[in-house]
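**Q** model the structure of this input:
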Amino acid sequence: MDKISVAFVDDHPVLLTGLEALFKAEDKFDVKAVGCCADDALEIAKTHEPNVIIVDLNMPGRVLEAISRISARHRATRVLAFTASTSVENAIAALEAGCRGYVLKGSSQDDLSEAITKVHSNDTYITPGFSNKVIDGLRTAALRRATAQSCRLSTREEQVVALLLRGKTNKEIADKLSISDKTVKHYMTVLMQKMNVRNRIEVVLAAQEMGIGRPGGLQSARM
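**A** As a prediction, the model looks like this:
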C-alpha cells in the first residue's frame with residue numbers, strides 16, 4: 001500500500017516538531033516537509049506536492065489566500081485545517097477557501113490520522129461534535145446568499161441598511177434621513193422579512209452578502 005505523503009505547516013515549533021516525529025513513526029505516512037507560515041505552505045505545495053498539507057489557520061501570512069491558491073493550482077494536494085479555532089465563521093471561511101477538512105487542536109493523533117486519510121480519499125472530515133455547528137452555519141450562509149440574490153430593496157431601505165453598516169443607531173438613522181424613530185423601526189421589520197433574518201445584526205450580515213456599501217454593489221446610499 002502506498003504511503004500518504006503529508007506536510008505540516010504551523011508556527012508553533014514544539015507542536016510542529018511533535019507532529020513531524022509522530023507521523024514519521026507511522027508506516028502509513030510519508031512526511032515530505034514542514035513549514036511555519038502561509039508562504040511556506042505555498043512553497044511546499046509547489047515543490048513537494050504532498051497528498052495532504054495540514055495547515056494552522058492562525059499563523060503569519062494570508063492563510064486563506066494560500067489555501068485557495070493551493071486548492072486551485074495543485075489539484076492533487078488536499079488541504080486540511082488543523083486549528084484551535086472553534087469559530088464556525090472561521091471553519092466556513094476555511095472550507096470555502098478550499099480546505100477538505102477541519103480538525104480542532106486537542107484531537108487525538110488517531111483523529112488527525114483519520115482526517116488525513118479521509119481527505120486523501122476525497123472525503124470531507126470535520127471534528128465530531130463540531131461538525132453539526134459547521135453544517136448549520138453553511139446552510140445559513142447558503143440561505144443568506146440565496147436571499148441576497150433574490151432580494152430587492154427600495155431606495156429608502158438601501159439608505160437605512162447603508163447607515164446600519166456604519167454602525168448607526170435607530171435614532172441616528174432617523175435624524176440622518178429626516179424620518180421618525182417609528183418609521184425606522186418599520187423599515188427594520190420590513191428588512192428582516194425581506195432578508196429572512198431575525199435581528200439587525202443578521203440584517204447587516206445579509207447586506208454585506210448583497211454588496212451594499214461596497215463599490216459595484218447596490219450603492220445603497222444614493223445619499
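
**Q** residue contacts, residue 117?
**A** Residues in contact with residue 117, defined by Cβ atoms under 8 Å, 6 or more residues apart in numbering, are 4, 28. Every residue, glycine included, has its C-beta placed from N, CA and C.

**Q** what distance do you get for it to residue 101?
**A** For residue 117, the distance to residue 101 (Cβ to Cβ, to the nearest Å) stands at 10 Å.

**Q** residue 208 too?
**A** Distance, residue 208 to residue 101, using Cβ to Cβ: 27 Å.

**Q** quick check: buried residues in stretch 60-67?
**A** Using 16 or more other Cβ atoms under 10 Å as the test for burial, stretch 60-67 gives 61, 63, 64, 66, 67.

**Q** isn't the third one up against residue 93?
**A** Yes - A contact is recorded between residue 64 and residue 93 when judged using Cβ atoms under 8 Å, the distance being 5.9 Å.

**Q** dump the residue contacts of the residue nearest the centre of the chain.
**A** Of all residues in the chain, the one closest to the mean position by Cα atoms, centre = their mean is residue 93, 0.8 Å from it. By Cβ under 8 Å, 6+ apart, residue 93 lies in contact with residue 64.

**Q** confidence score at residue 221?
**A** Listed pLDDT for residue 221 reads 36.

**Q** likewise for residue 197?
**A** If you check residue 197, the pLDDT there is 81.
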